[in-house]
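K.L.:
below are the sequence and a predicted model; questions follow.
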Amino acid sequence: MSLSPYDAVRETYRLAFQQSLQRDLVTQKDWEQYLGIAHEAATRTDQENTSFQQDYKHRLIEAYDVILREQNARKLNHPKPSWAVNTPLEDTTLSNERLNLMARNRVQADHDARLLMIRTDEMDQYQGLSKDLAARAKIRSQARDQRKDQAKEAFAQVKTKDPQHTPSRSGPTRS
């Protein structure tokens, strides 16, 4: 099945985000969490694909019944005048071939929606992991900046003790 341009962009973003996230993973725990998310999504995808293949006929029959119920339901639409022309999209007669096509399309759309939900859940979990990594990186950078500031203050205190503000040397000076 070929992807629509929208789905292709979404899939490209997902792969790029995964690669970016992999570069940010630092600890073994982060990698285990990342691999756990990927494994869970792969397992759910495989289960859905297997279920789709095994239950295809049953799903097709259910979709066929739902379409028939929808088409035979009482509608409160006003009848068209006798002089109105039916357009091909407004054709209300359903042939067996058209019903089968609608049922197949509905079953495939439901399957695609389930797969999309799995990918969306996977991306949500990856984004949560990414936020955790960013928060930890921010804490590390703040601690590094704090140590840097402390070192500057300590150097400034040593420098102010020297009245000439020159570094003290124990050896001869060059002139």
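P.N.:
Structure received.
K.L.:
please, which helix or strand holds the spatially most central residue of the chain?
P.N.:
By CA atoms, centre = their mean, the chain has its centre lying nearest to M123, at 2.5 Å. Following DSSP states H and E, one finds M123 within helix 96-161.
K.L.:
now that helix, how far from the centre of its chain.
P.N.:
Relative to its chain's centre, helix 96-161 lies at 9 Å (CA atoms, centre = their mean, to the nearest Å).
K.L.:
also stretch 66-74?
P.N.:
Worked out by CA atoms, centre = their mean, stretch 66-74 lies 36 Å from the chain centre.
K.L.:
who touches that stretch?
P.N.:
T92, L94, L99, M102, A103, R106 (CB atoms under 8 Å, 6 or more residues apart in numbering). Every residue, glycine included, has its C-beta placed from N, CA and C.
K.L.:
quick one on the thing from earlier: and the residue nearest to the residue nearest to the centre of the chain when sequence neighbours are not counted, what does it touch?
P.N.:
Among residues not flanking M123 along the chain, R14 sits closest, at 6.0 Å (CB to CB, 6 or more residues apart in numbering). Residues counted as contacts of R14 (CB under 8 Å, 6+ apart) are R119, E122, M123.
K.L.:
per-residue pLDDT, T93?
P.N.:
Listed pLDDT for T93 reads 63.
K.L.:
hmm, I typed the wrong one, I wanted Y126.
P.N.:
pLDDT, read off for Y126, is 94.
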